[in-house]
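Q: model this:
(one chain, ligands or ions: 2)
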Amino acid sequence: MSSYHNSARLSQARKVAIFGGTHGNEMSGVALVNLWTKNGAEIQRRGVETKPFVANPKAVEKCCRYVDTDLNRAFTPENLSAPGGDDLPYEVQRAQEINRMFGPKGSPEAYDVIFDLHNTTSNMGCTLILESSKDHFNLQMMNYIKKAMAPASCLVLLNEHPLLKYSTSRSVAKHPVGLEVGPQPQGVLRSNIFEAMRVILKHALDFIELFNEGMEFPPCTVEAFRVSERIDYPRDTNGNIIAMVHPNLQDCDWEPLNPGDPMFQTFDGKTIHYQGSGTVYPTFINEAAYYEKQQAFVTTRRETLVASAIRKA
Ligand SMILES: CC(=O)N[C@@H](CC(=O)O)C(=O)O
Ligand SMILES: [Zn+2]
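A: Ligands and ions are numbered 1, 2, ... in the order given. As a prediction, this is how the structure comes out:
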C-alpha cells in the first residue's frame, strides 16, 4: 500500500558508472576504480550494472590533472560535436569517446547515474556535488547518504550557477553525482580519505538497489550549499598573486564568513577583509588546482532543497 499517491514515478537506475581519474592526480578515485576493476564484488547490486572506469588514463599515467585541457570542463555541446578527430586536444577526443560510451548526453540511452570521484586539497571533508536542484532522484539519494553517514557529516554542494557551472564528465548521465573528498594532496593517497570515499559509494549504491526494488522514498528536505561567487586572489597589475588565504580562513571550509572577516594576508602582512553582503560559506579554500582558474575559494549560501516522494515506475 502506498502512502504517497503522488510519488513521482521514475524509471529504474540500471546503468551506473563510477569514474575515477577524471583528474589524473586525484588518487582515491584512481585507486578505487582500479581496485573495483580487479574485483567488482563490492560494487555489485541486484538489478544494476555498475561499471568502474578510468576517465583520463593519459593524465593518470602522468599523474597530472590533465594533458591538454581540463576533462571536467570539456563536455560542452561544441566539443562533443567537434570534427577533427586526431587533431583535437586529447581530452576533447576523450570527452567524445566517453560521450559515445556513456551517453549520448541528454539522450534516453545515456547511463542513469555516473559517480565521478574527485579529491581536493581543501579541508572540505565528504562532499557530494549536484548540478540541479530539481533532480528529485539525486536529492533523495543525497538525503539517504547523509542519513546513512550520520553522525559523520557529508555535505551537498549545488552548482547550478549560470556562469560558474561547467560541463563535467558526469554530465553525460541522467543523474550526475560528483564526490569530492579532502583534504588530500595531489598525487597522494591517504587511507582516511580513501575509506571515506568508499563508504559514500557503498551508501549510494545501496540507495539505487532499494529504489530499483520498489522502495518508496517519502518527501524530504536536503540542506545544500549553493555556489554563489568565485573569489580570486588579490593580484598586482601583472597578474601575480600578492596575498595568501588568511590563516583564520585556511581550512575553514563550510564555516560562516561574515563581512569584515579576514580573508587574505598579503606577503607584507596586511589583512584583507571580506566585503560581501551577508554571511557566506566558503569552500574549495586554497584548492591547488584552482590557482590556474583564478579562484582562491568559492562562496556558497545555505539553502534547504525540497525533494518530492519518488518511486520506481
Ligand atoms: C578539485 C576539483 O577537481 N574539483 C572538481 C569539482 C567537480 O567535480 O565539480 C573540478 O573542479 O572539476
Ligand atoms: Zn577533480
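Q: most centrally placed residue in this structure?
A: Among the residues of the chain, residue 178 comes closest to the average C-alpha position under C-alpha atoms, centre = their mean, at 2.6 Å.
Q: Okay, it and residue 304: tell me how far apart.
A: 20 Å (C-beta to C-beta, to the nearest Å). (Each C-beta comes from the backbone N, C-alpha and C, glycine too.)
Q: now do residue 95
A: Per C-beta to C-beta, residue 95 is found 34 Å from residue 304.
Q: And residue 26, by the same measure?
A: To residue 304, residue 26 is 30 Å away according to C-beta to C-beta.
Q: Between these two, which is the more surrounded one?
A: The residue with more neighbours, out of residue 26 and residue 304, is residue 26; 29 against 8, by other C-beta atoms under 10 Å.
Q: beta partners for the closest residue in space to that one that isn't next to it in sequence?
A: Spatial nearest neighbour of residue 26, excluding adjacent residues (C-beta to C-beta, 6 or more residues apart in numbering): residue 119 at 4.0 Å. Counting by DSSP bridges, residue 119 forms beta bridges with residue 181.
Q: What's the local residue count around residue 119?
A: 29.
Q: Pretty sure it sits against residue 29.
A: Yes: if you go by C-beta atoms under 8 Å, residue 119 and residue 29 touch, sitting 7.0 Å apart.
Q: So which bits of the stretch 1-150 of the chain are right by ligand 2?
A: 23, 26, 118 (C-beta under 5 Å from the ion).
Q: got the contact list for the closest residue to ligand 1 within the stretch 1-150 of the chain?
A: Distances between the stretch 1-150 of the chain and ligand 1 by C-beta to the nearest ligand atom are smallest at residue 72, namely 3.6 Å. Residues near residue 72 by C-beta atoms under 8 Å, 6 or more residues apart in numbering: 22, 23, 116, 166, 168, 169.
Q: Likewise for residue 272?
A: Residues in contact with residue 272 (C-beta under 8 Å, 6+ apart) are 234, 243, 246, 262, 263, 264, 265, 266.
Q: Narrow the residues you listed to those that are buried.
A: Buried members of the contacts of residue 272, scored by 16 or more other C-beta atoms under 10 Å, are 234, 243, 246, 263, 264, 265.
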